[in-house]
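> What would the 3D arrangement of this be:
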Amino acid sequence: MTVLFIKNMVCNRCNMVIRNELDKLNINVRSIKLGEVIIENQLSVEEKLNLSKILSNLGFELIDDKKSRIIEKIKTIIIDLVHHQDGETKTNLSNLLSKELNLDYNYLSNLFSEVEGTTIEKYFIAQKIEKVKELLVYDELSLSEIAHRLNYSSVAYLSNQFKKVTGLTPSHFKKIRNEKRKPLDEV
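Below you'll find the model as predicted:
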């Protein structure tokens, strides 16, 4: 059994693409989740290079070093929390990351800032703002419902944070809608 860590897996579609490519290479997948694939056997150096090329052509990247794996896990946890949990998790982000990764939050925070050039908090906020944009474009929820879903303490706080990041109020953004949303791996 081998664990492969893959960068830029941000949604279920990514999981399907990765599984499809591994199936084409006759690599037996035991399980697959965002950023991580468990396969039955060890890959040879040649197989790993081939897989790396294929993944790279699809916008993914095999991660080998420990620090990069930790950074990718932090991003995966945040993306899952913001884009796939629908406000179900009400825990503190630092506690959640420490618990999930079994590492001290100060270490995680310093490592993330050093490697990514931004803080975990700013990355988290950027992901939340992208989710707000998505929900505004869908036009199915009120701003109050969006604030609740994304665990904002108030609509005013969401609006202030949105304006600080985008330069627009949520209502102005909703009107113009021409600002393109960024792919999650580019946030």
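
> And what about the residue nearest in space to the middle of the chain, helix, strand or coil?
Central residue check for the chain by CA atoms, centre = their mean: the C-alpha nearest the mean position is that of Ile79, 3.0 Å away. Per DSSP: H, G, I helix; E, B strand; the rest coil, the secondary structure class of Ile79 is helix.

> Check the spacing between it and Asn12 real quick.
According to CB to CB, to the nearest Å, Ile79 and Asn12 sit 12 Å apart. For the C-beta atoms, the positions are set from N, CA and C on the backbone; glycine is no exception.

> Then Asp80?
Computed with CB to CB, the distance linking Asp80 and Asn12 is 11 Å.

> I'd assumed Asp23 was in a helix, is it?
Yes. According to three-state DSSP, the state of Asp23 is that of a helix.

> Ile39 is in contact with that one, correct?
No. Taking CB atoms under 8 Å as the contact criterion, Asp23 and Ile39 are not neighbours in contact, 11.2 Å apart.

> overlap in contacts of these two?
Shared between the contact lists of Asp23 and Ile39 (criterion: CB atoms under 8 Å, 6 or more residues apart in numbering) are residues Val29.

> Give me the more crowded residue out of the two.
Neighbours were tallied for Asp23 and for Ile39 using other CB atoms under 10 Å; the higher tally belongs to Ile39 (18 against 11).

> Break this structure into its domains for me.
Dividing the chain into domains by automatic domain parsing, as the record does, gives the ranges 2-64, 66-187.

> Reformat the ones you listed as JSON lines; add mean pLDDT.
What follows is the domains of the chain, written out as JSON lines (pLDDT from 0 to 100):
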{"stretch": "domain 2-64", "mean pLDDT": "90"}
{"stretch": "domain 66-187", "mean pLDDT": "87"}
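
> can you pull the buried residues of stretch 36-44?
Residues of stretch 36-44 classed as buried by neighbour count (16 or more other CB atoms under 10 Å): Glu36, Val37, Ile39, Leu43.

> Just these: which are in strands?
With DSSP state E as the criterion, strands contain Glu36, Val37, Ile39 from among the buried residues of stretch 36-44.

> Can you tell me which of those is closest to Lys75?
Distances from these to Lys75 were compared by CB to CB; the smallest belongs to Glu36, at 12.2 Å.

> what separates the closest one from Arg69, distance-wise?
As defined by CB to CB, Glu36 lies at a distance of 9 Å from Arg69.

> hey, what's in contact with both of those two?
Shared contacts of Glu36 and Arg69, defined by CB under 8 Å, 6+ apart, comprise Phe5.

> Would you map the helices across this protein?
Assigned helices in the chain, in chain order: 12-24, 45-57, 66-84, 93-101, 105-116, 120-138, 143-149, 155-166, 170-176 (criterion: DSSP state H).

> got TSV for the ones you listed, with distance to Leu4 too?
Shown next, in TSV, are the helices of the chain (distance: least, CB to CB, whole Å):
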stretch	distance to Leu4
helix 12-24	9
helix 45-57	8
helix 66-84	10
helix 93-101	18
helix 105-116	20
helix 120-138	23
helix 143-149	33
helix 155-166	33
helix 170-176	38
